[in-house]
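Visitor: need a structure here:
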Amino acid sequence: MDKNRGLILALLAISTLVCAMGLSSNWLLKHIRLGLEFNGGYEILYAAEPLASGKPPTRDELIAAAAILERRANSLGMAEPEIALEGANRIRIKIAGLSTRDQIREILSGPEAMPVKLVERYTQTVGGVLGATALKETLTAGVAGAMLVLLFMIAMYRLAGLVSVAMLATHLWLMLVLFNLIHATLSLSAVVALCWVSAWRPTRASLRSSASRKCCVPGSA
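Guide: I've put the predicted structure just below:
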């Protein structure tokens, strides 16, 4: 009786989790923050000038100014701003998801004192290098590869493989939840990492397990 009750509770828990994953996955994917590669954004180029007439800005002052700009963007939850120093006195900033120069100006203006005076040289929109279509294709390819690996695991290990598949699916779903909770950015590198987690790691574990069994079982080759 106790065994049946435990089995029923386990099935109910699994069913609840599967329903939660199925109902929320589409919403999670739609609301996740995309990086510049997929979503595009806006960029601005600053020229740094000394606060007072005299020596030109030093490298340390440029680095400090770039760090302040990055903190301003991060404080408003922007998607991984790209900030680069160029030449002797220029700072280029790219922020995903913006469409007007007023937005980027508002984000980068703040009360924190700058070690240099920043003069805006130009602003322009940045198109997504890959775009939404490429993201969809990348995710589709990743899911297809992961499905092949998962089917292989189930065929090889049966119940144990099925449990591993369920745990992996839960892990990926929790990653999507975490990305949304902390407002993390889904960049191309993040997509590659997720595909690696869902496909390569189970394959590597399977190969290691097979090699271990061959070493332990006499006469296996």
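
Visitor: going forward, measure contacts between C-alpha atoms and count neighbours the same way
Guide: Fine.

Visitor: the helices in the chain, which residues?
Guide: All helices of the chain, identified by DSSP state H, fall at 2-31, 36-39, 59-75, 101-108, 131-157, 159-181, 188-195, 201-216.

Visitor: quick one: which of those is nearest residue 48?
Guide: Residue 48 sits nearest to helix 59-75 of all those, at 7.4 Å, using CA to CA.

Visitor: only C-alpha atoms, please: export the closest one in CSV.
Guide: Output in CSV follows, covering the C-alpha atoms of helix 59-75 (Å, rounded to 0.1, in the frame of the first residue of the first chain):
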residue,chain,number,x,y,z
ARG,A,59,44.3,55.0,-20.4
ASP,A,60,43.3,54.5,-16.8
GLU,A,61,40.7,57.4,-17.0
LEU,A,62,39.3,55.9,-20.2
ILE,A,63,38.9,52.5,-18.4
ALA,A,64,37.3,54.1,-15.4
ALA,A,65,34.8,56.0,-17.7
ALA,A,66,34.0,52.8,-19.6
ALA,A,67,33.3,51.0,-16.2
ILE,A,68,31.0,53.8,-15.1
LEU,A,69,29.0,53.6,-18.4
GLU,A,70,28.8,49.9,-18.0
ARG,A,71,27.5,50.2,-14.4
ARG,A,72,24.8,52.7,-15.6
ALA,A,73,23.6,50.4,-18.3
ASN,A,74,23.6,47.3,-15.9
SER,A,75,21.8,49.2,-13.2
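
Visitor: what are the buried residues along it?
Guide: For helix 59-75, the neighbour count (16 or more other CA atoms under 10 Å) marks 61-62, 65-66, 68-73 as buried.

Visitor: out of those, which one sits closest to residue 13?
Guide: residue 73 (41.0 Å).

Visitor: these two touch, right, the closest one and residue 107?
Guide: Yes. Contact criterion CA atoms under 8 Å: residue 73 and residue 107 qualify, at 6.0 Å.

Visitor: now do residue 92 against residue 125, distance only.
Guide: 13 Å (CA to CA, to the nearest Å).

Visitor: anything in contact with each of those two?
Guide: residue 43 (CA atoms under 8 Å, 6 or more residues apart in numbering).

Visitor: returning to that earlier point: and residue 51, which of the helices of the chain is closest to it?
Guide: helix 59-75 (10.9 Å).

Visitor: now tell me what touches the closest one from outside.
Guide: Under CA under 8 Å, 6+ apart, the answer for helix 59-75 is 48, 80-81, 83-85, 88-91, 107-110, 112, 114-116.
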